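Colleague: Make a model of this:
(4 chains)
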There are 4 protein chains.
Amino acid sequence: MGRSEERAVRAAVAGASGYAGGEILRLLMGHPEVEIGALTGNAHAGERLGALQPQLVPLADRTLEPTSAETLAGHDVVFLALPHGQSAAVAEQLGDGVLVVDCGADFRLADPADWERYYGGPHAGTWPYGLPELPGARDALRGARRVAVPGCYPTAVSLALFPAYAAGLVEPEAVVVAASGTSGAGRSPKPHLLGSEVMGAMSPYGVGGVHRHTPEMAQNLSAVAGERVTVSFTPTLAPMPRGILATCSAKAKPSVTAAALREAYAKATAGEPFLRLLPEGQWPTTGAVLGSNAVLLQVALDETAGRVIAISAIDNLTKGTAGGAVQSMNIARGLPEELGLPTTGVAP
Amino acid sequence: MGRSEERAVRAAVAGASGYAGGEILRLLMGHPEVEIGALTGNAHAGERLGALQPQLVPLADRTLEPTSAETLAGHDVVFLALPHGQSAAVAEQLGDGVLVVDCGADFRLADPADWERYYGGPHAGTWPYGLPELPGARDALRGARRVAVPGCYPTAVSLALFPAYAAGLVEPEAVVVAASGTSGAGRSPKPHLLGSEVMGAMSPYGVGGVHRHTPEMAQNLSAVAGERVTVSFTPTLAPMPRGILATCSAKAKPSVTAAALREAYAKATAGEPFLRLLPEGQWPTTGAVLGSNAVLLQVALDETAGRVIAISAIDNLTKGTAGGAVQSMNIARGLPEELGLPTTGVAP
Amino acid sequence: MGRSEERAVRAAVAGASGYAGGEILRLLMGHPEVEIGALTGNAHAGERLGALQPQLVPLADRTLEPTSAETLAGHDVVFLALPHGQSAAVAEQLGDGVLVVDCGADFRLADPADWERYYGGPHAGTWPYGLPELPGARDALRGARRVAVPGCYPTAVSLALFPAYAAGLVEPEAVVVAASGTSGAGRSPKPHLLGSEVMGAMSPYGVGGVHRHTPEMAQNLSAVAGERVTVSFTPTLAPMPRGILATCSAKAKPSVTAAALREAYAKATAGEPFLRLLPEGQWPTTGAVLGSNAVLLQVALDETAGRVIAISAIDNLTKGTAGGAVQSMNIARGLPEELGLPTTGVAP
Amino acid sequence: MGRSEERAVRAAVAGASGYAGGEILRLLMGHPEVEIGALTGNAHAGERLGALQPQLVPLADRTLEPTSAETLAGHDVVFLALPHGQSAAVAEQLGDGVLVVDCGADFRLADPADWERYYGGPHAGTWPYGLPELPGARDALRGARRVAVPGCYPTAVSLALFPAYAAGLVEPEAVVVAASGTSGAGRSPKPHLLGSEVMGAMSPYGVGGVHRHTPEMAQNLSAVAGERVTVSFTPTLAPMPRGILATCSAKAKPSVTAAALREAYAKATAGEPFLRLLPEGQWPTTGAVLGSNAVLLQVALDETAGRVIAISAIDNLTKGTAGGAVQSMNIARGLPEELGLPTTGVAP
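Modeller: Residues are numbered from 1 along each chain as shown, chains lettered A, B, ... in the order given. The predicted structure follows:
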């Protein structure tokens, strides 16, 4: 696990005390070409990492530094796992020579109106989008100095539906219900995220089109479809720490067959190192992708209801955040895309 | 809790070793007008109930008898919690004088073609349907001698959507994704139901319109809508023992407003003892209905996507099975509908 | 459930926004002789109960009042579910005519040195101790105006071990490891109580004799044994919302037999409405007592190791807090001890 | 992860359909010196691995072969993840040239009387014991052709207590209560292992000294202590898929101090690549070792009760089974001991 003396990439992680930051570090520790540099965090600066991320045993005695231009200087890559709105300022200080991989939302949305409605404040523009499996995305990432890592839900939903839209098989009105593990809600203690509240309970939130990831999904699918796609998105909180199961559907266009559908998915996923279209009859489960960067996919045609059902399972912290970030880094830096990214889940 | 010497109703439970049977008994033990008679079960006949249902402490020393006309004779009510296909024969032997409340599927579907496609074998017809909240259903239950208790998913989905269809606010194509606790899959040990497999995992099953509860939902909603409603239904298994969260949506008819929608739900739920339309902004959670017969409801209009989103939370074993059975018994026998049915959940 | 117009007892709950307060209300709503009066809470005064305790559906539209002598006046019983140190002042204001049932620790410990070491601050003395199953405790509760409800762990541990100590079968050095559901840690949001942290994890805390419940267990067992009993107590947090499984052991005195041990437990639990010594070979599980006031018990003699192992399972919020409180109220007020207290668990 | 063309070790896994076999494969896929050869399983021979172990995405299209001398021939290492009693016959057929790493119990116990009492049938003898951290064990593993991997509980318990026994700080009567995730009970579907039963519940089993891992713990600790150590062991099933938290204690010898205790643990764990004595005040949690081969340790002296409390957290499938097996293989084959073994957990 990375014992070479000379590694190609020296990486810093800003926001190392949170769940996304911890997962980035877990992956980087298994990455043969990365040397871990500065670890920063504002609220927890000065604390031992072992007290904050006890699972990162080999880094336990590292201390968090404050997030600043000084502490982040001198790295080849800086991962930002910061609250929304802080990335632009940090990136500006780092200069163009460094690769900045932003796990926040700041540079994901192209339409200022979407930004205004869902996040508010000034629109920062877009960076190359870190979902290489989408048409054209991989090319845009090669050699990039800035990457906007997608949201966890948009990752799961876009990957489930893009083959159907790319092949023109479904109507531009998608309906998505996704279940997420609680780590997606972050590490700030809030009453509704207490274990006592979430264990044994399924709870919806952000219902009615108001969740911030909605326009990002619509943007991705519209680009693939070549027409405006709307997404009716309902997220739910599931009693598990990790994982997203996205159940996505859209009306099938007339005369679409199950065979044509399957062929479209086979074609869209062929050669993709992290996408796995399951054999017919087997359905994705989040349990199989725990800690893994793999995306399990399956699709079916409901002829009675006239709808295509596409389902994906990902680990929200791995492929949905940190794995997508490392995958994008690999591409941007010209490393093999799969380097350091497990495709085996920790199951059962 | 209910020690009166003269109780109005003597009840037997056939299938007392399963999850549905155990929940019926839990509720009957708190019912002031029910005296518990025979407990039967074929595979476990002769065993102590305490070894099978350790939670039913006061009944621990009761012994299961075989399910037969003899053991079930002499009761006012017989609850059937049997595998599909066994209810007709048992009911026939019991005669018309006894109220038979069937938790199986045998007498739910009116259309023989639906029965043939989803269950197979001879179609048995229908009995009065034990979902009193649906238009007309309560009247049909009064004085009934036979009751078909709805499936757990159809209970959650029909109650979430009937107000919208009754008011003519949505198109006849519903899309439903529901998450269920594992007790809905019963007590037979199967590899995919092991704790090691289900904890930490969300898993879909019966995708593409093939789940047996699909035609039952469509039947209920079509009756309310006065036109044929299709339902695209995707069930998922959630890492919790109990509960169903049903996320249901349908395209809004032109010019439907959020106010009209809310008014329709307020009207449809008014006076219903077990339906609770939550205040605006509060969403149902299955955690709040654990062990309770209450149904939590909320509805929203997504104007961007043009869809109505209606969500319900129930306990699949209580309102979704055993509570629905007891509620129907109360109505059929002329008892107060709420008798013995808790509306407080065991939370957190 | 309980709609009679004239009920014997009018009860207020101070601290109705927390887990203990919510559980007291759940039980009181099923109690045929209690009318629910004022609900108070300081931080949440003015809020709807439905937003705080969504499971208490029939009380959803009640509003919390501030905790004060005025709001708590005019009741027969006042349940205090307050942070430690506040009960004495509130009780004083209420006067001697009202029954005050305190779920806090203030009046549990007899030894000022214990109080000083484990809680600090002035020692308030003791009130009749609300664990009626202990020798002599029931008598002290009859007619009492003040009750100190035991801690949840001391309830589970004292009930598991008192029969062995009462019969003089074990040495005065007990070793206890108990697993508790997270609701025992209360509702204040703290990082280590987040669902993401607790699901999938067992974690010890308060190790090495420093948990505040330790001297309370020792006090109870010493009283039963007639000599000073020490308790080595290790609590652990388990990934479940409710329940305590207490695994307790002590060295067997010479020549103790399994038969003598079982006889001692049979004798100590005989006639106790909430204690259930399971048949040989069946072991307690917390799943079977969810929401129930029952205590499941089992005992074994390990002849190789020379130790008696006694295990109890309770619901920490029911028998461990709110159920113990209501049971004590019943005794103090001369009502049947079991009134309003379920002995069936919500399982699976 | 492991793309080198020439790898040092070709490994087969017998019993690849179970939880232990799956975890061995997960680790081997990340091992840079291992090439995965035959995968065998009797009941599932002929099935795709992807249907049985969906988490092992890169191996999904491999097919299980029957377990036989033929299918297992031609490998450098054969991992046996078979039911007890089958290892001797398989090993005999493989010849002395191959390294056989047995995850079963057959070759763990030295005392035929222990074997007879806890397992029954003929005693097979012992193989070098795969717990390198115990005094002398590492040497015995170097160059070994046969390895008996320890049981999961003995791994956790022996590592928690051996420093105290090695330093002569505690009396030879240990008391252990351990909580295990459900994967420790294997993959055969049994009613009490259903998700519906285990979620939300803590349950003891094998109480009173009858669990099969008891003599193995006693054997290990006795060897370290140089005198016969008895272990009172109570295992409990916790609502989580993986992890063991072992709470171990023993009476402190007179005049033992907290400092001496800590020093003994620091000394015994120094230089051990997988043992981590946490800083004072931080306690092990199973969540931090999910999927990791690390062992988190902490120790305390309870001066009131006069006992030493030592707690360990491991992943029962990783360090407790498959990780221990791979670690032993590394040593036996002369590879770096840590190769392919993660020490970062998948948390949260």
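
Colleague: What is the lengthiest strand in chain A packed up against?
Modeller: Taking DSSP state E as the criterion, chain A has its longest strand at strand A:170-180. Contact analysis of strand A:170-180 by 3 or more C-beta pairs under 8 Å, 6 or more residues apart in numbering or on different chains; DSSP states H and E lists helix A:152-166, helix A:214-225, strand A:230-237, strand A:244-252, strand B:170-180, strand B:244-252 as its packing neighbours. The C-beta positions use only the backbone N, C-alpha and C, and glycine is treated the same way.

Colleague: Quick one, grab the pLDDT at A:Arg7.
Modeller: Confidence at A:Arg7, expressed as pLDDT, is 85.

Colleague: tell me which parts of the stretch 201-348 of chain A are close to chain D?
Modeller: A:241-242, A:276, A:278-279, A:282, A:285, A:287-292, A:294, A:296, A:338, A:340, A:342-348 (C-beta under 8 Å from any C-beta of the partner chain).

Colleague: out of those, which touch chain C?
Modeller: A:Pro241.

Colleague: Establish whether the helix or strand just after the longest strand of chain A and chain C are in contact.
Modeller: Next helix or strand after strand A:170-180 toward the C-terminus (DSSP states H and E): helix A:195-198. Yes - against chain C, helix A:195-198 shows contacts by C-beta under 8 Å from any C-beta at A:Gly195, A:Ser196, A:Glu197, A:Val198.

Colleague: What of stretch A:62-76?
Modeller: No - taking C-beta under 8 Å from any C-beta as the criterion, stretch A:62-76 and chain C are apart, separated by no less than 15.2 Å.

Colleague: First residue to last residue on that stretch, what's the distance there?
Modeller: Stretch A:62-76 has an end-to-end distance of 20 Å (C-alpha to C-alpha, to the nearest Å).

Colleague: Which positions in that stretch come out as buried?
Modeller: Residues of stretch A:62-76 classed as buried by neighbour count (16 or more other C-beta atoms under 10 Å in any protein chain shown): A:Arg62, A:Leu64, A:Glu65, A:Thr67, A:Thr71, A:Leu72, A:His75, A:Asp76.

Colleague: The longest strand of chain A pairs with which strands, and in what direction?
Modeller: If you go by DSSP bridges, strand A:170-180 pairs up with strand A:230-237 (parallel), strand A:244-252 (antiparallel).

Colleague: one step back: buried subset of the residues of the stretch 201-348 of chain A next to chain D as a PyMOL selection?
Modeller: Restricted to buried positions by 16+ other C-beta under 10 Å, the PyMOL selection for these reads:
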select buried, chain A and resi 241+242+276+278+285+287+288+289+290+291+292+294+296+338+340+342+343+344+345+346+347+348
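
Colleague: Just the ones of the residues of the stretch 201-348 of chain A next to chain D in helices?
Modeller: The helices, defined by DSSP state H, take in nothing from those.

Colleague: before we move on, back to that, any chance of the helices and strands packed on strand A:170-180 in CSV, with mean pLDDT and mean neighbour count too?
Modeller: Converted to CSV, these look like this (pLDDT from 0 to 100; neighbours: other C-beta atoms under 10 Å in any protein chain shown):
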stretch, mean pLDDT, mean neighbour count
helix A:152-166, 98, 28
helix A:214-225, 98, 24
strand A:230-237, 98, 26
strand A:244-252, 98, 28
strand B:170-180, 98, 25
strand B:244-252, 98, 28
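
Colleague: okay, the ones you listed in CSV with distance to C:Pro254 next?
Modeller: Formatted as CSV, these follow (distance: least, C-beta to C-beta, whole Å):
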stretch, distance to C:Pro254
helix A:152-166, 63
helix A:214-225, 72
strand A:230-237, 56
strand A:244-252, 59
strand B:170-180, 55
strand B:244-252, 57
